[in-house]
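Engineer: Okay, here's the prediction I keep looking at, along with the sequence it came from:
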Amino acid sequence: MATFSELVTSRKHWVETVLRPWCVQASRKDLLEAEAQWSDIAGQVDPADTLWTWAWSRFPDLVHEGLSGVNETLEVQVTLKDGTTILGYPDARRTCQGRLMLVRSAAEQSTPDSESGPHSIDDVVSVKKV
């Protein structure tokens, strides 16, 4: 690389083709390890805005392109590895470090709990808009 512009282009390419795809498929354990060293890996960006948003983007109905964190505005159906399905709205403030919190929908509030979670990103199989 001969110029700073080429260096910047190379770094952006690495972020989009290596780092972001890695976050999409990494286990929670590996994501937590990466978070601890995120400033060394990704630069001075907030892990909540990058690492965790990219990790949750493995479930496209859970994020909104261009915004960080999980999308609280849409009700979703979350299916866990054990077969459990939960209807609710993601709680972006309380969803952190790969643990999803849901505020149960009105249909689900017949149960004593008005929230569900935390659910590890490793235990979530699918997320679909309701």
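Structural biologist: Now that the structure is in, tell me what you want to look at. What you are looking at is a predicted structure, and each value in this text was computed from that prediction instead of being measured.

Engineer: buried set for the biggest helix by length in the chain?
Structural biologist: Secondary structure of the chain per DSSP state H: the longest helix is helix 4-14. Within helix 4-14, no residue is scored as buried using 16 or more other Cβ atoms under 10 Å. (C-beta placed from N, C-alpha, C; glycine too.)

Engineer: average pLDDT across that helix?
Structural biologist: Average pLDDT, helix 4-14: 94.

Engineer: That one packs against which elements?
Structural biologist: Contact partners of helix 4-14 among helices and strands, from 3 or more Cβ pairs under 8 Å, 6 or more residues apart in numbering; DSSP states H and E: none.

Engineer: starting at the chain centroid, how far to that helix?
Structural biologist: 26 Å (Cα atoms, centre = their mean, to the nearest Å).

Engineer: Endpoint to endpoint, stretch 97-114 covers what distance?
Structural biologist: The straight-line separation of the ends of stretch 97-114 (Cα to Cα, to the nearest Å) is 22 Å.

Engineer: Read off the pLDDT value for G66.
Structural biologist: On the pLDDT scale, G66 is placed at 84.

Engineer: buried set for the helix or strand hosting D40?
Structural biologist: Element membership for D40, per DSSP states H and E: helix 38-42. For helix 38-42, a neighbour-count test (16+ other Cβ under 10 Å) marks W38, I41, A42 as buried.

Engineer: One more: stretch 121-130?
Structural biologist: Neighbour-count burial for stretch 121-130 flags I121, D123, V124, V127 (criterion: 16+ other Cβ under 10 Å).

Engineer: What helices and strands are in contact with the helix or strand just after the helix holding D40?
Structural biologist: Using DSSP H and E, the next helix or strand after helix 38-42 towards the C-terminus is helix 51-56. Other helices and strands packing on helix 51-56, by 3+ Cβ pairs under 8 Å, 6+ apart, are helix 20-25, helix 28-36.

Engineer: of all those, which lies closest to R99?
Structural biologist: Of all those, helix 28-36 sits nearest to R99, with 8.0 Å by Cβ to Cβ.
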